[in-house]
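Asks: I need the structure of the sequence given here:
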Amino acid sequence: MTTGGVDALKAAIRRSLPLLIGLIVLGIIAVNVFQQARGARYEATSKVLVTSTPLTSIISGTQPGFVDPERVQQTAIGIAESSEVYRVAAARNHQQHGSAGDLQSAVSVSADTNNDLISFTASSSDPEEAVGMANAVARGYIGFRKRLAGAQIADTIKGLKESLDQLPSDDPKRSRVEGNLSRLQVLQDNASDSQLVESATSAGKTSPAPLKDSVVGLSIGLIIGLLLIAIREAVAGRTLDEVLSAKAALDAELRDYVRARVAESGVEVTELGVKDVILPGEIRELVNKVVEAERVAKANLIRRQEETAATRSLLNTARLMEENPLLLRLKELESLERLVEKVGRIDLHAGNGEGLDALLTRLVRLKAPESA
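Replies: Numbers count the residues shown, from 1 in each chain. Predicted coordinates for the structure are as follows:
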């Protein structure tokens, strides 16, 4: 950060120091009160060892090739987070520690990067209940993996039996297939590739923890305080129109400002932005009037443009009629036709005994009579 940026930050914090201190104190008090009202919480952990030896190596009796430990752990955690594991755990204990949904919401799964251990940590307000849930889910996980391994071995046995039936009795491959089949049948009764290495025996109290809760409250208050300072500094250098129109730029500025200030404290800000801008009543009325005036002006402009276009069209039509009398006469006939449509009855009188022909001749003329 440059010297100017440090000075600007110090000035901003100095101006908002009472607010920042108040928010930090409020955050500490709020988190401690919440944890006290929530009551005591206990955690218990059970650990399961997962073997990384593939089934093909067990059958052939050879050493496995390279096995990616990270992939093994990811697979183990993916299975442990499956809802089927918790259904198996709930069924094995006859829902003594709650339903499958209750177990899944109370138990978290983690893996140790230094070994093949999977930890099941249960959280509850009752220490005995936390111990029971952790052990139940760990055993349910072992049972579920045993079921998966057993199904895989059963499919392999079925395939080997089909291959054995197709081989001639004197085929030398039969002895090798029969040996693999015998090993698989022995493994089928104990097909689990995981075992419980550490069952939960007691639960430790995790909350309320005044020191830990105070640190969490301090971090929350500090983040909120820095956010308010960032908003104040960002808004102070912009007009109202810029604040309302440049929301994306404002979000990016706030995110970068807060993220840079809290990074050293161990807090990571992933996303931050302004959801809405709420204006005071008087300012909101003024903005609404301005918006309404702009819309009225735009509507008037469109109406004037339409009127200008219509007038220009009439002018062009008048010029055409002036240059072509026949076109003017056709226009007169169209007007007469529209007029006649609204008339229910028309009485025509020829007069002077001249007859209907003379009447029609005088009524519709395309050309003025020539003078004698």
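Asks: Geometric centre of the chain: which residue is closest?
Replies: residue 271 (12.6 Å; C-alpha atoms, centre = their mean).
Asks: If you drop the residues flanking it in sequence, what lies closest to that one?
Replies: residue 255 (7.2 Å; C-beta to C-beta, 6 or more residues apart in numbering). Any C-beta I mention is one placed from the backbone N, CA and C, and that applies to glycine too.
Asks: Residue 93 contacts residue 138, doesn't it?
Replies: No. Using C-beta atoms under 8 Å, residue 93 is not in contact with residue 138; the gap is 11.7 Å.
Asks: quick one: which of the two has more around it?
Replies: Regarding residue 93 and residue 138, a neighbour count based on other C-beta atoms under 10 Å identifies residue 138 as having more, with 29 against 18.
Asks: excluding its backbone neighbours, what's nearest that one?
Replies: Among residues not flanking residue 138 along the chain, residue 46 sits closest, at 3.8 Å (C-beta to C-beta, 6+ apart).
Asks: same check, this time on residue 257
Replies: Using C-beta to C-beta, 6+ apart, the nearest residue to residue 257 is residue 230, at 4.2 Å.
Asks: State the distance from the residue nearest to residue 271 to residue 232.
Replies: 16 Å (C-beta to C-beta, to the nearest Å).
Asks: More neighbours: which of those two?
Replies: Neighbours of residue 255 and residue 232, each counted by other C-beta under 10 Å, are more numerous for residue 255; the result is 17 against 13.
Asks: chain center to the helix or strand hosting the more buried one: distance?
Replies: In the assignment (DSSP states H and E), residue 255 maps to helix 247-262. Distance, stretch centre to chain centre, for helix 247-262: 21 Å (C-alpha atoms, centre = their mean, to the nearest Å).
Asks: do stretch 281-288 as well
Replies: Per C-alpha atoms, centre = their mean, the centroid offset for stretch 281-288 relative to its chain is 33 Å.
Asks: can you check stretch 34-49 too?
Replies: That offset, for stretch 34-49, works out to 30 Å (C-alpha atoms, centre = their mean).
Asks: again with stretch 131-140
Replies: For stretch 131-140, the distance to the chain centre is 33 Å (C-alpha atoms, centre = their mean).
Asks: Convert that stretch to PDB, retaining C-alpha atoms only.
Replies: The C-alpha coordinates for stretch 131-140 follow below in PDB (Å, rounded to 0.1, in the frame of the first residue of the first chain):
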ATOM      1  CA  VAL A 131     -20.500 -40.200  21.800                       C
ATOM      2  CA  GLY A 132     -23.300 -42.400  20.600                       C
ATOM      3  CA  MET A 133     -23.800 -40.600  17.300                       C
ATOM      4  CA  ALA A 134     -20.100 -40.600  16.500                       C
ATOM      5  CA  ASN A 135     -19.700 -44.300  17.100                       C
ATOM      6  CA  ALA A 136     -23.000 -45.100  15.300                       C
ATOM      7  CA  VAL A 137     -22.000 -43.300  12.200                       C
ATOM      8  CA  ALA A 138     -18.500 -44.700  12.200                       C
ATOM      9  CA  ARG A 139     -19.800 -48.300  12.500                       C
ATOM     10  CA  GLY A 140     -22.500 -47.600   9.900                       C
END
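Asks: Appreciated, that's everything.
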